[in-house]
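**Student:** Please find the sequence and the predicted model below.
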Amino acid sequence: MLKKNKVLLISVLLITIIIGIGFIPAMHQGGHEPATESSESINTIFDSLKYEKSIHVLAMLLLGFGFLMVFIRKHGFSSVTATFLVVSIALPLYMLIKTYTGEEFSIVNIDSFILAEFAAASLLIAMGAPLGKLKMDQYILLALLFIPAYILNEWIILESGIFEGFVDVGGSIVIHAFGAYFGLGVVANTLAKFENQPECENDSISNQFCLIGSMVLWIFWPSFTSALVAPNEVVITAINTVFALCGATLATYVFTRLIRGKIEIEDIANAALAGGVAIGSVCNTTTPGYAVLIGVAAGAVSTIGYTIIAPKVEKLIRGTDTCGVHNLHGLPGVLGGIFGIFISGTADIQLGGIVVTVVLAFVFGKITGMVIRLLGQKEIPYSDEDEFITSH
Amino acid sequence: MLKKNKVLLISVLLITIIIGIGFIPAMHQGGHEPATESSESINTIFDSLKYEKSIHVLAMLLLGFGFLMVFIRKHGFSSVTATFLVVSIALPLYMLIKTYTGEEFSIVNIDSFILAEFAAASLLIAMGAPLGKLKMDQYILLALLFIPAYILNEWIILESGIFEGFVDVGGSIVIHAFGAYFGLGVVANTLAKFENQPECENDSISNQFCLIGSMVLWIFWPSFTSALVAPNEVVITAINTVFALCGATLATYVFTRLIRGKIEIEDIANAALAGGVAIGSVCNTTTPGYAVLIGVAAGAVSTIGYTIIAPKVEKLIRGTDTCGVHNLHGLPGVLGGIFGIFISGTADIQLGGIVVTVVLAFVFGKITGMVIRLLGQKEIPYSDEDEFITSH
Amino acid sequence: MLKKNKVLLISVLLITIIIGIGFIPAMHQGGHEPATESSESINTIFDSLKYEKSIHVLAMLLLGFGFLMVFIRKHGFSSVTATFLVVSIALPLYMLIKTYTGEEFSIVNIDSFILAEFAAASLLIAMGAPLGKLKMDQYILLALLFIPAYILNEWIILESGIFEGFVDVGGSIVIHAFGAYFGLGVVANTLAKFENQPECENDSISNQFCLIGSMVLWIFWPSFTSALVAPNEVVITAINTVFALCGATLATYVFTRLIRGKIEIEDIANAALAGGVAIGSVCNTTTPGYAVLIGVAAGAVSTIGYTIIAPKVEKLIRGTDTCGVHNLHGLPGVLGGIFGIFISGTADIQLGGIVVTVVLAFVFGKITGMVIRLLGQKEIPYSDEDEFITSH
């Protein structure tokens, strides 16, 4: 057992080193744009403005997703460490693969880096479904398998020309829905019997750490949606995004109480963000009033998802979605993609892209789940003490 | 009881939807500046730079104020949720009212969004006074009543021309003092007998969450004061603000120990921020040396406020100021407004504006408090379990 | 005893006021660049872009270092308060001394402010070594003595011309290594017998607060290294820094498990950051592939430092390095400085600068430690209740 562990660990080290070495010839083959342009050019300024947004997105990836997943009481170290690890794999791996496969993809380019962050966000969403049921090595393997699948879907939907005119600048479909349905695929058919599934425990303190993650996501979401829009669309994109989040937050409050009687803090922490997910497809083209309404719809759908739809879905796929990524990213993502029809004007292109993404994501997730389980399978959640020194 | 709850909840949903719909005709009436200008114009760059500051201010509103109010041990979920809700009401409501009442107010404009954030900040300050004594529906009602009053005072002081020459770019008076005295108005005369008031409990962990909020406010305060100054004043405004915070932090440490013997962590978490409050009026016109001294004065006044003045004020108004907003935002805000005399040069204009703001805030707060209490009144603090599912 | 305390406290107040007053003549002597330039000039834009990074660095100083030091269970209030205090001393003190000693040093200048933040970062690193063994007054004294020493070393290495060609734009040596070896100097020879040293306690919750600090440092590190590079080098510097952090994070995971069998969360929280330390010297000149490899090396060295080297070093210097700053900032800093040879091309200049910095830091730290202990000495860690009101 110890020996197998060492082999796995040394494999992780070797993979990291290989990723590093992989970039070196690419830089020599002209993949590197030398920084020879005037240091005061207008492009330099716009790159620096995008850089600020890329740091906001980094905050969402680590503090946001990382702590949003700390709600499981005895799984805090595991959630945060897994977040650190998969982000550390995803960012360079995405850029390495794109360097060798993407046309006109440049390594030293802020747009490339932001695209890599989007891939990492989608991966963290996928990870939310099996959260608590995987060991660290399995999270790393998940990351290694997810990124190529994500790149393939991204290429089919946005670059291949098959879905010319597909609208999704803020990633409702290619980031959120892809991640969510990939995650559902990973957990599908992992249960002998659904009824035996123990609930993930949480408590007041773990939920407060979770709320920090939730707020970090809420705060920086406008930078996520506006990171790659045209410079003169940044302000309207940001205001639309904030207004959608406001609508979703208020709707979540209303629906969590209407359905449950009292407020479930996990609904607040999660469904309040559904406005950001759903506004993605039309974030730079709609107006603030519609943004509020889209947010209300998304918050309602997400809360209904957590309370009513989730048990049915989990029974259907015979697996548990620990973080409820289907309710936060799956349903509101598809909803946002559908709103995109009003902008793209072509329902068949828009719906086609949605269906292909959902199917591809689920199938790749299913395959990935089977591969991951070669390293072992658990039906009850892990506790930090399984892999961490917790005796002090 | 359940029925009344449902009516209230559906009202919240309807109000949200009405706010959203309210924007739609405004966009068609030309309130929307179409993004037709060159995407590389200098204005686009300055808007993007302001956008970054608006995100910093958003971090202050949610993570900052939200977690600063988590110091009450069993009220963490309530404080964070109430913060989410009132921010989600305040931002679109401010912009909606201004769209129909403000001259030359444009919805899709970063300055407008930052002004809306300032209104939300003032509201969160006001909320600190009755914190723990209100239900969620009452926080929402507070938000709905506060914003029109804030807009009226903002208009009287800064736009009507009555107080031409009034100096308050960083909001010592119109944001901080208005919020604080509004909050005092809300809690005034809520006690049968002051002596019966139980203390809000806190513990080591709730206070550490509170310190996260405090640090977030400290860190991003320079973006709050510099958000709307001229571009070439950003650097001096930021340095003055940081130096004022440094002065206040050191003075707080000295005075908390001199007065109490030991350090009270709540003094550190709160009074250290008084430098940011007091520098507001002169943040872009003073110099770093004076900024340190203004900070020292503000930290001293605030700490004396928490230790010595607060019990007297609470006895006077017959109400408890849960977060001590009078000590952090009221007294240092007025102090900052008075420093403005050195810049405006006209003591009567500056003092007039201060007095009008304080009186209007208290009166509007008093009326708001009476309306809010139609939904019920409590003398002992709420616990999370009153409104949240906490059995897991 | 109480009287001595009062004298110390009033001294702190007087020092703060003197620092404030100290700036006033400097402003009148032309040290202040009046904001007369066109408000829309290109310089104003680049200053604003640097301003955003300066706020990111401020987040690292307070939330980052502050909460990274909260891992000691009963020392949370002390760590956060000490962080607040030393930052509040360091920023204005650095700028005041440089105003009177630095050639062409301007107070109202964003570069000056960022240099002051770098000094504060180095001080916080130094503080990590004696953390838990000092009273608040001693942390303040540490700050007052550290800053002049830091300025002297900074002048010798970067400004005097002695080490012309020394490469260290991201501060591996002058910030990280200087702070770490200064800290080791402070704690050197503080133990009667090493074996008697009790371990600092930590628990699951204190370690989760620590992970927030760790993530804040990780997220904003690209702004630390790119804060003062040429505008057209920001993007490559940021990508190199992130990739180095990715490499270090993965290497830390591998080595913590290989060496300890299980994962030590403190290794993850700390050694994952070693990539940021080590990339400092070459952050704007290397390429992403090498950055990953430098990160792997740094993460490995740092984890080996925490597990194997630290006990030997502590025995050698007869003192405990509470936060392990030698493992996170000392060893990876020196490693980064050595990588600088590939860029500077002159091993003797680069190695000379490293040796001088390490020796000066240790000697000044040793002297500072002796002065600090005039205010008292403790061998077992302080608890919050020693200086804070914790009875509620």
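**Tutor:** That came through fine.

**Student:** which residue is nearest the middle of chain A?
**Tutor:** Computing the C-alpha centroid of chain A and ranking residues by Cα atoms, centre = their mean puts A:Ser122 first, at 2.8 Å.

**Student:** Return the set of buried residues in the helix or strand hosting it.
**Tutor:** Element membership of A:Ser122 [criterion: DSSP states H and E] is helix A:110-128. Using 16 or more other Cβ atoms under 10 Å in any protein chain shown as the test for burial, helix A:110-128 gives A:110, A:112-128. Just so you know, the C-beta spots here come from the backbone N, C-alpha and C atoms, and that holds for glycine as well.

**Student:** tell me what that helix is packed against?
**Tutor:** If you count contacts as 3 or more Cβ pairs under 8 Å, 6 or more residues apart in numbering or on different chains; DSSP states H and E, helix A:110-128 packs onto helix A:42-59, helix A:76-101, helix A:136-154, helix A:178-187, helix A:325, helix C:234-260.

**Student:** Pick the most buried one from those helices.
**Tutor:** With neighbours taken as mean count of other Cβ atoms under 10 Å in any protein chain shown, the helices and strands packed on helix A:110-128 reach their highest mean count in helix A:178-187, at a mean of 30.

**Student:** helices or strands up against that helix?
**Tutor:** Using 3+ Cβ pairs under 8 Å, 6+ apart as the test, helix A:178-187 ends up in contact with helix A:110-128, helix A:136-154, helix A:310-317, helix A:325, helix A:347-372.

**Student:** starting at the chain centroid, how far to the shortest one?
**Tutor:** Think helix A:325. 9 Å (Cα atoms, centre = their mean, to the nearest Å).

**Student:** touching chain B at all, the helix or strand just after that helix?
**Tutor:** Toward the C-terminal end, the helix or strand that comes next after helix A:325 (DSSP H and E) is helix A:331-344. No. Applying Cβ under 8 Å from any Cβ of the partner chain, one finds helix A:331-344 out of contact with chain B, separated by at least 13.8 Å.

**Student:** same for helix A:331-344, what does it pack against?
**Tutor:** Using 3+ Cβ pairs under 8 Å, 6+ apart as the test, helix A:331-344 ends up in contact with helix A:274-279, helix A:288-304, helix A:347-372.

**Student:** Go through those helices and pick out the most buried.
**Tutor:** Each of the helices and strands packed on helix A:331-344 was scored by mean neighbour count; the highest is helix A:274-279, a mean of 34, by mean count of other Cβ under 10 Å.

**Student:** any idea how far it is from the chain center?
**Tutor:** 13 Å.

**Student:** May I have it as PDB, with CA atoms only?
**Tutor:** Extracted in PDB, the C-alpha atoms of helix A:274-279 (Å, rounded to 0.1, in the frame of the first residue of the first chain):
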ATOM      1  CA  ALA A 274     -27.200  31.400  -9.500                       C
ATOM      2  CA  GLY A 275     -27.700  34.900 -10.900                       C
ATOM      3  CA  GLY A 276     -24.100  35.000 -11.900                       C
ATOM      4  CA  VAL A 277     -24.300  31.600 -13.600                       C
ATOM      5  CA  ALA A 278     -27.500  32.400 -15.600                       C
ATOM      6  CA  ILE A 279     -26.400  35.900 -16.700                       C
END
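
**Student:** quick check, it touching chain B?
**Tutor:** No. Judged by Cβ under 8 Å from any Cβ, helix A:274-279 makes no contact with chain B; its nearest approach is 9.4 Å.

**Student:** cool, stretch A:291-309 as well?
**Tutor:** Yes. For stretch A:291-309, a contact with chain B is found by Cβ under 8 Å from any Cβ, at A:Ala291, A:Val292, A:Leu293, A:Val296.

**Student:** Let me know the average pLDDT across that stretch.
**Tutor:** Averaging pLDDT along stretch A:291-309 yields 97.

**Student:** what ranges of chain A fall below the confidence cut-off?
**Tutor:** Within chain A, the stretches with pLDDT under 70 are A:1-2, A:28-40, A:192-200, A:391-392.
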